[in-house]
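Peer 1: Mind looking at a prediction? Sequence and model below.
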Amino acid sequence: MPRVLSSLVRFEQLGFDLYKGPARLMEQPHRHNDIEMTLMEKGWIDYLFGGVRVRIPAGVLCVRWAAIPHQSIALKQPCLHYSLKIPFAWFMSWDPPPPLVNTLLGGRMLLDRETAQGCSDEALFRRWGTTLRSPQGDPGRVVALEAEARLRRISLRLQRRKGRPAARTSARAELGAVERMTIFIAENYNRHLAIEEIARVALMHPNSAMRLFRRTCGITLLDYVNMHRIWHAQRLLNTQSLKMRELSRQCGYGSPSRFYAAFRKVTGQAPRDYLDSLRP
């Protein structure tokens, strides 16, 4: 069931799932704690993703961390798409290379076109659909393994561009604590949050929780909370006209000065400059 945070965003828990069908416009942003792989078979679709508008054309694989608020705002018909949702804990249990983890958890959407001869992402998604309908064997594991392989191919390209080797991210036993922290923050970022409160959800000492989170996700707990708050601020700037004091309050900041500093750190712009950049 979706958990309503406000009139502007929903947090949902969906689990492992494959969808094929028409793409639709969303009346409001939503999010869910999954890694989402999306492919347009026909047409194109525009998403507002973390406050940034991104176009996904047909034939290009889109990978995103769906805990970041996203909303489809424009599309070209006919617009048919596939969407595979991989639970965050599953993804992290694969020990994905840090360039892939840091890119996705850092709020960036990955777009990748399969160029290998004889391969296509459309054929891959079609095969996944057929596999999951099979009553025999372990079809979910087969699809998960192939999805992991596709993500690792993307990661190899990221590593080549950045010129650094991959390393393992975390021990499997620690993943539950990280997931509990990410879900708790996603549901509570728009109020005052203390590190001690976040750590308590993971049944950890605050210092241990901060070290684990940084080692696993590549960012600090505080930076992660701030990213959620600033994405929320960008949505509000896109949809409402609020005084800066009220805007900062709705995003969980005790003062406009703290809000301004966090907004500039995450986006590189002041809130009014960001708002000006949205105008034609």
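Peer 2: It's in.

Peer 1: Contacts for the longest helix anywhere in the chain next, please.
Peer 2: Looking across the chain with DSSP state H, the single longest helix is helix 139-162. Contact with helix 139-162 is made by 16, 18, 35, 37, 61, 63, 84, 86, 90-91, 94, 96-97, 99-100, 103, 110, 112, 121, 124, 127-128, 131-133, 165-166, as judged by CB atoms under 8 Å, 6 or more residues apart in numbering. (C-beta placed from N, C-alpha, C; glycine too.)

Peer 1: Got a ChimeraX select line for the buried ones in those residues?
Peer 2: Of the contacts of helix 139-162, the buried ones go into a single ChimeraX selection, burial set by 16 or more other CB atoms under 10 Å:
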select :18,35,37,61,63,84,86,90,91,94,96,97,99,100,103,110,112,121,124,128,131,166
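
Peer 1: can you tell me which of the contacts of helix 139-162 are in helices?
Peer 2: Taking DSSP H, the ones among the contacts of helix 139-162 that sit in helices are Trp90, Phe91, Pro99, Leu100, Thr103, Asp121, Leu124, Arg127, Trp128, Thr131, Leu132.

Peer 1: For those, give me TSV that also has pLDDT and distance to Glu196.
Peer 2: Output for those, formatted as TSV (pLDDT from 0 to 100; distance: CB to CB, whole Å):
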residue	pLDDT	distance to Glu196
Trp90	82	29
Phe91	85	27
Pro99	83	32
Leu100	87	31
Thr103	83	30
Asp121	92	44
Leu124	93	44
Arg127	93	47
Trp128	92	42
Thr131	91	45
Leu132	88	42
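
Peer 1: For this structure, which residue occupies the most central location?
Peer 2: Trp65 (2.0 Å; CA atoms, centre = their mean).

Peer 1: nearest to Gln234, of the ones in helices among the contacts of helix 139-162?
Peer 2: Thr103 (19.1 Å; CB to CB).
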